[in-house]
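1. Sequence plus predicted model, see below.
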Amino acid sequence: MSSKERPTLGGTRIKTRKRNIAAPLDPAAFSDAVVQIYLDNAGDLELVVKSIESSDLNFSRYGDTFFESLLAHLHSLDTSRCV
């Protein structure tokens, strides 16, 4: 074991590794946004679909939440006219 200091490179910077910054999952906020789009368009499904397509919601990340909220609110629609 040597008591000498180890040589260092002068004038160099040690670069830190870039890490993937993962945004936390927030399915409740996503579901609230989908419901708000539905309520803003007064339940008109064509307008709802157009608004959802033009929104910047991340469907690839919250696909399950989207279908759960969609089915929950479609269940509350008046289906007396359906056969």
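-> Received it, and whenever you're ready, just let me know what you need. Residues are numbered from 1 along each chain as shown.
2. ok, Ser69 to Ile21 distance?
-> For Ser69, the distance to Ile21 under the criterion Cβ to Cβ, to the nearest Å works out to 27 Å. No exception for glycine: its C-beta is placed from N, CA and C like everyone else's.
3. Of the two, which one has the most company?
-> The residue with more neighbours, out of Ser69 and Ile21, is Ser69; 20 against 5, by other Cβ atoms under 10 Å.
4. quick one: the helices in this structure?
-> Counting by DSSP state H, residue ranges of the helices within the chain are 27-40, 45-54, 63-75.
5. So which residue is smack in the middle of this structure?
-> Central residue of the chain (Cα atoms, centre = their mean): Asn58, 4.3 Å from the mean position.
6. still on that earlier bit, pick the most buried one from the helices of the chain.
-> helix 27-40 (a mean of 15; mean count of other Cβ atoms under 10 Å).
7. right, and the helices of the chain - which one's nearest Thr8?
-> With Cβ to Cβ, the closest approach to Thr8 among the helices of the chain belongs to helix 27-40: 48.3 Å.
8. Pull the number of nearby residues for Tyr62.
-> Using other Cβ under 10 Å, the number of residues around Tyr62 comes to 20.
9. what's near enough to touch the residue lying closest to Phe30 once chain neighbours are set aside?
-> Using Cβ to Cβ, 6 or more residues apart in numbering and skipping the chain neighbours, the partner closest in space to Phe30 is Tyr62 (4.3 Å). Tyr62 makes contact with 25, 27, 30-31, according to Cβ atoms under 8 Å, 6 or more residues apart in numbering.
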